[in-house]
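**Q** Show me how the following folds:
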Amino acid sequence: MIDSLKKKLIVSCQAWPGTPFYGDPRLICAMAESAYNGGAGGIRANGEKDILEIKKNVPLPVIGIYKLPDKRGVTVITPDFQSAKKLADAGSDIIAIDASYEARPNLEELHELIHQIKTKLGIPVMADISNLEEAIRAEKCGADIVATTMAGYTPYTTKTDGPDLDLIESIVKKVKIPVFGEGRFSKPEEVNEAINDRGAHSVVIGTSITAPWEITKRFVRAI
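**A** Numbering: from 1, shown residues only. Reported below is the predicted structural model:
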């Protein structure tokens, strides 16, 4: 299934509080259907309600995430096994977790969560990381995929204007598992470079496709 995503575009279909799509799984599903009609190879979605609706209507693999507070009260991508199980029950084909040092500084806890998801739920794990060291650590802990989702969003990484293509390339050279580019992709040529020049297995795009208010802002700023 992971091989089927090679050189494919994955569209992150999510909404957040205060935006028109938030809270209605049918609208999120419409995003996913639109992505499918446009040729996307996979979907990334947040929470079991949205994933259930998407799986009923869209014949694509779904990367499930669950943005919830962890035991510290900090919002983390899929903070524990219970949230991962809900994603599995909803039909997720891959479960993504935050594998950054900021979210999961404890190596044993990261290893245990990945192990539980893979053995008890039988689902591959995508580790969202922010730098090369976290990618190597995630692979050692058993992750099946690493994604640059958190690059530029942790206190110890620099936020590049566009996707961190150099990070993608450096990770590809150091790990054996697939590397997914994610974060600040907005142009087709960036996707082309990530996959065909830098070695990314796939690319995930969210805001630049599924947030029309942000797309509108870019054009307004140009005026």
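**Q** Please compute how far the longest helix belonging to the chain lies from its chain's middle.
**A** Once the chain is assigned using DSSP state H, the helix that runs over the most residues is helix 25-37. On the basis of Cα atoms, centre = their mean, to the nearest Å, helix 25-37 is displaced by 17 Å from the centre of the chain it belongs to.
**Q** got the contact list for it?
**A** With Cβ atoms under 8 Å, 6 or more residues apart in numbering as the test, helix 25-37 has contacts from 11, 13-15, 20-21, 43, 45, 49-50, 52-54, 56-60, 209-210. The way it works is simple: take the backbone N, C-alpha and C, and place the C-beta from them, glycine included.
**Q** try 6 Å
**A** 11, 13, 21, 43, 49-50, 53-54, 57-58, 60, 210 (Cβ atoms under 6 Å, 6 or more residues apart in numbering).
**Q** got a markdown table for these, with secondary structure and neighbour count too?
**A** What follows is the contacts of helix 25-37, written out as a markdown table (DSSP: H, G, I helix; E, B strand; the rest coil; neighbours: other Cβ atoms under 10 Å):
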| residue | secondary structure | neighbour count |
| --- | --- | --- |
| 11 | strand | 26 |
| 13 | strand | 28 |
| 21 | coil | 20 |
| 43 | strand | 29 |
| 49 | helix | 15 |
| 50 | helix | 27 |
| 53 | helix | 20 |
| 54 | helix | 27 |
| 57 | helix | 12 |
| 58 | coil | 23 |
| 60 | coil | 20 |
| 210 | helix | 20 |
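**Q** and which of those residues is nearest to residue 164?
**A** residue 11 (19.6 Å; Cβ to Cβ).
**Q** ok, now which ones touch the closest one?
**A** With Cβ under 6 Å, 6+ apart, residue 11 has these contacts: 35, 40, 43, 209.
**Q** what would the contacts of helix 25-37 look like in JSON lines with pLDDT?
**A** Output for the contacts of helix 25-37, formatted as JSON lines (pLDDT from 0 to 100):
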{"residue": "11", "pLDDT": "98"}
{"residue": "13", "pLDDT": "98"}
{"residue": "21", "pLDDT": "96"}
{"residue": "43", "pLDDT": "98"}
{"residue": "49", "pLDDT": "97"}
{"residue": "50", "pLDDT": "98"}
{"residue": "53", "pLDDT": "98"}
{"residue": "54", "pLDDT": "98"}
{"residue": "57", "pLDDT": "98"}
{"residue": "58", "pLDDT": "98"}
{"residue": "60", "pLDDT": "98"}
{"residue": "210", "pLDDT": "96"}
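**Q** For residue 62, give me its contacts.
**A** Residue 62 is in contact with 43, 45, 51, 54, 92-93, counting by Cβ under 6 Å, 6+ apart.
**Q** same thing but 7 Å
**A** 43, 45, 51, 54-55, 91-93 (Cβ atoms under 7 Å, 6 or more residues apart in numbering).
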